[in-house]
Structures are given as C-alpha cells and as structure tokens.
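Colleague: model the following, please.
(4 chains)
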There are 2 protein chains.
Amino acid sequence: MGPTSRPSTSPPAIDPKLPMAPQVYGNIRQSILHLRLMPKQALSEKELALMLGVSRTPVREALIKLADDGLVDIFPQRGTFVAPIRVSEVLEAQFIREALEVSVVARVAERSDPEVVARLRESLARQKRAADAGDPEGFMVEDENFHFILSASVSLARAWKVIQNVKGQLDRVRIMSLPEPGHLGELYEQHLAIVEAIASGSAAAARKHMTKHLQQVFRTIDSLRKQRPDIFD
Amino acid sequence: MGPTSRPSTSPPAIDPKLPMAPQVYGNIRQSILHLRLMPKQALSEKELALMLGVSRTPVREALIKLADDGLVDIFPQRGTFVAPIRVSEVLEAQFIREALEVSVVARVAERSDPEVVARLRESLARQKRAADAGDPEGFMVEDENFHFILSASVSLARAWKVIQNVKGQLDRVRIMSLPEPGHLGELYEQHLAIVEAIASGSAAAARKHMTKHLQQVFRTIDSLRKQRPDIFD
DNA sequence: TCAAATACACTACCATGGTAGTATGTCAAT
DNA sequence: ATTGACATACTACCATGGTAGTGTATTTGA
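Modeller: Predicted coordinates for the structure are as follows:
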C-alpha cells in the first residue's frame, strides 16, 4: 500500500496535547465497531496502554465507559473482553433509538424550518455521491451527520449523546452490512422520504418513515446471523 | 437526634468489601439529588476522598460518570462543581424520558400481562400508604420501583438504565417539590390511570396517561423557579 | 492413571506521587 | 491608583506501584 492509499479505517493517532482518556475511548470504540477488535477477544489494560503509548489510567477509564456502552464486558479480577454481539441487546438498542429518533424527527417536522431542510438536502446530495461511488465509509460518515443534524436542529444535544451511546450496539452489524449491493441506495431513499416529510411539515409521515428506516436493521441482523454466526453471543 | 431517629436521607456508608467506585458514585449522586451538595458548589477529589475514606481514584471515576450524567461540571486543571439546574437540560431530560417511557408503557400495555398488572397494583397500594402517611421519601422509593417494573416487565434493562441516567436532571426538582400538599396523591392518581390502561390492554390510553404524568414536571419547574431562583443556572 | 494441592501468571482495582495548567493574591513599577 | 510580573496554592490529569482475587499449569500424592 502506497502512502497515498487510505487504509479502510485507520485508528486515529493520539495527540499528546489533548486529554488522553477521550481519545483512547474513541480509538478503542472505533476498533470494536469496525471489528478490528473481534467479539470475545480479551483486552488488557497493560497491552492497550503499550500499543497506544499511554499509561494504564486513561485506558482503564476508557474501558469503564465502553463497559457502560455495553461494548466490553469487565469481569473484576479476571479480565476485560470485547462484548459478543448479543441479539437481545441489539434489539433493545434499536428500541431505544427508535423511540428517541422518532420523537426527535416529529419535533423537527413540526417546526419544518426551511433552513434545516436545506441543510438536510445538502447532506442528501453528499449521501447520493457516496452511494453512487460505492463508498461505504463515506456514506457512513454522512449518515451519522444526517442524524446528527436532526437532533441538533431542535437543540437536543443530550438526546444525540444517548442515541450515539446505544447506537454502538447497532453499528457493528450496520457496518458489516454496508458493502452489500444496493444497500446504500436503499438507505438514501429512506432518508429522502424523511426529508420530504419534514419539508411538508407532516410529523406523522416523518414518524412513519423514520420508523421504517430504523427497522431496516432487523433484516440486516437476520442475514448477518446466517453469514457470521461466530460473532454472535 | 437519638439513635432511633432516621436522618431524612443519610448517605449510605461505604462497604470496604464491595467495589468502591460504584458506591462512591451512588453516594455523591444521592447527595447532589437531595441538595446536600448544592448547585455550583466546588467539589475536590481530595476532599471527597478524605470524607468518604477512600483514595482519589474511585472518587475521580465517580465524578467522571457524574459529569456524563450532567450532574457535575469538570473544568480540566480548574475544578469540579455541582452542575447548576439548567432549565434547558431539565426540559431535554424530560423529552428523552417521555420518549422512552411512553414507548415502554405502550409495549407493556400491548402485552397486558396479568401477572405484571398484579405487581403494579401491589406497588400502587404501597404508594397509597406512603401518600396517606405523608411520607415523601417512602413514596419516592416506590415511585422509582413502579417505573422500574414497567421497563423490567418487557425486558428493557438498558432502557431503564438510560432513563435513570437522564432522570438525574429531573430528580433535583422533583425531590424538592415532593413535600407540597396534595402532590403525592396527584402522582398516585396518575399512576393508577396508567395501570388501568395497561390492564385494559389499551396502548393508546397508556401512552396518553404516561405523557400527562411525565409532563407534570413542567408545572413543578415553574413553581420552583419562583421559590428558589438561586439554584437555577 | 488420576485426583488433590500448589505455584504461577494474570487480572482489575485501589492508592499515591508527579506534572502541567489555571486562578488568585502580592508587590513593584509607572 | 493601575497595571504588570511573579510567587503561591490550588486543580484535574496521568503514571505507576502494590494488593487481593482468579483461572491454569504443574507438581505431588496415591
């Protein structure tokens, strides 16, 4: 691989000027979500600290937060392990996310702010480009941004934080299914329908389309359990 | 105060056999919610560690988690402070809680499990006793339990965790308003209506009554802002 | 050969010392 | 009287050593 080629998802380097703990958290989290750290794999504070070039304290703090997210299991005095993909927890994360995002998008549709709609349409354009180019990584980033715009536009920062946290349980299956042919286009169409509902000021339609969009993950889980039964509970 | 009198809410003692960090977290959290630690008050790792008889590490970990809950503000290299009651954050917490609990109770009503209804009625009986006795502390405990039963009965442990976390923002105002005359009875009646809806299997009615119940806090905020403007942002 | 006892390597947890960064109060210079 | 430099006293953050508890391999007993 030449210096110009971008690794599929390189773990971001650690900046010694910034607080270490959040960076370590983000780094490990991304590694788990992208399955560089495989489910059930043992993680050791000492080893991670060595790899990331920091001491054990920020690593420990990061692992505690990841345990809170349900992405790692900490067994006191025994060890810390990447959490297996537990279907029940994925479904519960979906339930929580759906409850929140549907409520959020309803509020967005009630306001139906043209400036917000414009920003959403810009995001849609970028999504279309990524989908047409067959760029799952790029699409993923813009997908995140799309959903962020919704929460932020109605000043629900905390809701976004909660969604982000529980979404970790969903992202591992979502990321694995992204490369499937036609999938990106499907997601784009669903986003489009949501924006149209918002633009028309119909909270009920926005709710409906968001619900359908988020329940897409059910199909993803089914197909994935057949292909990769090894990484489930 | 004699040895038989129970302090209104004594901070639970630290058990050296159990993991310290969660105990410290719970202890400080309760102190904040019950306003023994006042908004904007400075907290120092060292001082808290000394008071609780533990080292600074578990205190630090507890404070990090409390910062995540929005109950303390950590300013790196400057200090940690009990978060003021920010109305915008209280309202957002209400939004999140409402979205989740309404979805939960709808699911509970869809199932309408008689065994669950029976457990809810038992909780109602205990609430009534506490309300009639004018025991806000006892009512509060049973209130928590009531809402816990709802989430647990449909196997939504994570949802309960999320609700608990964001509810911290609401509890400070809720706890202050509990002693108001007639308030306990009101809450009891609202709980009762919710249980009736569940028993009749009407998800729509359950949603409606839960929404109304949770929006009670709006009135609480209004009256409290007039009485105690000092503790708001 | 097999079971119980032991030693070992490993863990997360807690305690504590060092460091860089920030606020405040003191004092000199203008 | 006001401003600037400097010393001091804090802070959160990170590094690291010690400890009790846990699995596993090894040895010891028959």
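
Colleague: any idea how many residues pack against A:A206?
Modeller: 28 (other Cβ atoms under 10 Å in any protein chain shown). In short, each C-beta sits where N, CA and C put it, glycine included.

Colleague: hmm, it is touching A:I194, no?
Modeller: Yes. A:A206 is within contact range of A:I194, at 6.1 Å (criterion: Cβ atoms under 8 Å).

Colleague: anything in contact with each of those two?
Modeller: When contacts are counted by Cβ atoms under 8 Å, 6 or more residues apart in numbering or on different chains, A:A206 and A:I194 have A:V105 as shared neighbours.

Colleague: burial count for A:Q215?
Modeller: 11.

Colleague: does the host helix or strand of it come close to chain B?
Modeller: Assigning secondary structure by DSSP states H and E places A:Q215 in helix A:203-227. No. With Cβ under 8 Å from any Cβ of the partner chain as the criterion, chain B is not reached by helix A:203-227; the gap is at least 11.1 Å.

Colleague: residue numbers of chain A in contact with chain B?
Modeller: When proximity is defined by Cβ under 8 Å from any Cβ, chain A lies next to chain B at A:19, A:61, A:64-65, A:68, A:70, A:76, A:88-89, A:92-93, A:95-96, A:98-100, A:102-104, A:155-159, A:162, A:165-166.

Colleague: just the buried residues from these, in ChimeraX please.
Modeller: Buried members of the residues of chain A next to chain B can be picked out in ChimeraX with the line below, counting by 16 or more other Cβ atoms under 10 Å in any protein chain shown:
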select /A:61,64,65,70,89,92,93,95,96,98,99,100,102,103,104,156,158,159,162,165,166
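
Colleague: distance check, the residue nearest the centre of chain A against DNA strand C.
Modeller: For chain A, the residue whose C-alpha lies nearest the mean C-alpha position (Cα atoms, centre = their mean) is A:D171; its distance is 4.5 Å. Separation of A:D171 from DNA strand C (Cβ to the nearest atom of the strand, to the nearest Å) stands at 23 Å.

Colleague: now the residue lying farthest from the centre of chain A. Its backbone dihedrals?
Modeller: When each C-alpha in chain A is compared with the mean C-alpha position (Cα atoms, centre = their mean), A:Q77 comes out farthest, at 30.7 Å. Dihedral pair for A:Q77: phi 70, psi 0, per degrees, to the nearest 10.

Colleague: so which helix or strand takes in A:I198?
Modeller: helix A:183-199.

Colleague: all the strands of chain A, residue numbers only.
Modeller: Across chain A, reading from the start of the chain, the strands by DSSP state E fall at A:42-43, A:72-75, A:79-82.

Colleague: packing partners for the second one?
Modeller: The reference is to strand A:72-75. Packed against strand A:72-75, as judged by 3 or more Cβ pairs under 8 Å, 6 or more residues apart in numbering or on different chains; DSSP states H and E, are the following elements: helix A:56-69, strand A:79-82.

Colleague: I'd like these written out as CSV, with mean pLDDT and distance to DNA strand C added.
Modeller: As requested, the helices and strands packed on strand A:72-75 are arranged in CSV below (pLDDT from 0 to 100; distance: least, Cβ to the nearest atom of the strand, whole Å):
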stretch, mean pLDDT, distance to DNA strand C
helix A:56-69, 97, 6
strand A:79-82, 96, 3
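
Colleague: looking at the ones you listed, which is nearest to A:Q190?
Modeller: Ranking those by their distance to A:Q190 (criterion: Cβ to Cβ) puts helix A:56-69 first, at 25.6 Å.
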